[in-house]
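**Q** the following comprises the amino acid sequence and a computationally predicted model.
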Amino acid sequence: MWRGLYTAAAGMIQETQRTDVIANNLANVNTSGYKRDVAVSEEFEPMLIRRINDHDMRNDVTSFKGFHLGSDAPVVGTLGLGSEIAEIATDHEQGVFETTGNPYDIAISGAGYLAVQTPQGVRYTRDGALFRSNNGTLQNTRGQNILGVNGQPIQVPENATSFLVGAQGQVYVRVDGQQEQIGQLAFVDFPDRRALLKQGDNLWFPQQGAQPQAATGTIEQGVLERANSNVVDEMVQLINNYRIYEAGSKAVTTQDDMLDKSVNEVGRSTS
């Protein structure tokens, strides 16, 4: 019965963590470039169940005139010991594009990330909602500088009359009727998707030793990539998790009632 309590409680803890993941996906359905997370479960190693007293040769039901099947008691089944969340995996499926008409809005089609300067160092994002700051620096909505291939922020001239981003991140402006390239976005990718971990604020940071390479995707201007999480699907999963958590709660209550009866009723001495 104690084991049943632990197994049911482990299931409840797992569904609590899964609910947190789904809630985060729902909270970011309107975040540009957001990639949904998925909680991956892992079952504990099941325990073998053997017949009681089969280790005693005198009570070995398989023995006959000195012959027996062996010293190991026969296995009659397995007992599950619950499960846990093995990892929080990220779904990198492409999100749909939403046309905005804003030349400072860009979306990444395929694999790739933009480099961003943060207080913690260089980070990466797929959020292409950009703007020109008061001092002319190209920034994201959090006021962080978007970096070029030279590792420096990109400066947009104040008198620029147009802003154009090429498929590989080339940045052009028109000044005094002449089009000129003022830089190129650090448009990179990592061959191993597990090399990048989520930091928060729609940013990713590379694990130690991970080196960025040129991105294989392309950049589209005037559009934004929506989050790849779907409200309906996430709500269905949330309801399903609630039902599983409720079943685990009832299992804990049932085990507790059984322990109460075994201690206070079955184990009571009679005079």
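**A** Yes, it's here.
**Q** hey, let's count contacts and neighbours off CA atoms from now on
**A** Fine.
**Q** how about Leu238, secondary structure?
**A** helix (DSSP: H, G, I helix; E, B strand; the rest coil).
**Q** what about it, how many neighbours?
**A** 20 (other CA atoms under 10 Å).
**Q** and it, what does it touch?
**A** 19, 22 (CA atoms under 8 Å, 6 or more residues apart in numbering).
**Q** all the helices of the stretch 1-150 of the chain, residue numbers only.
**A** Along the stretch 1-150 of the chain, counting by DSSP state H, counting those that start in this stretch, helices occupy 2-27.
**Q** identify the bridge partners of Gln170.
**A** Gln184 (DSSP bridges).
**Q** okay, it: pLDDT?
**A** pLDDT recorded at Gln170 is 95.
**Q** same deal with Leu259?
**A** 81.
**Q** how far away is Val156 from Thr31?
**A** Distance of Val156 to Thr31, computed by CA to CA, to the nearest Å: 25 Å.
**Q** what bridges to the residue nearest to the spatial centre of the chain?
**A** Residue closest to the average C-alpha location in the chain (CA atoms, centre = their mean): Asp37, at 2.9 Å. Per DSSP bridges, the residues bridged to Asp37 are Thr90.
**Q** who touches it in this structure?
**A** 21-22, 25, 88-91.
**Q** swap in Pro103?
**A** Counted by CA under 8 Å, 6+ apart, Pro103 has contacts 163-164, 221-222.
**Q** quick check: Asn102 touching Gly222?
**A** Yes: using CA atoms under 8 Å, Asn102 is in contact with Gly222, at 5.0 Å.
**Q** who has more neighbours, the two?
**A** The neighbour count for Asn102 versus Gly222, taken as other CA under 10 Å, is higher for Gly222 (20 against 15).
**Q** need phi/psi at that one.
**A** phi 80, psi 10 (degrees, to the nearest 10).
**Q** so how far does stretch 29-43 reach from one end to the other?
**A** 30 Å.
**Q** now it: average pLDDT?
**A** In the prediction, stretch 29-43 has an average pLDDT of 92.
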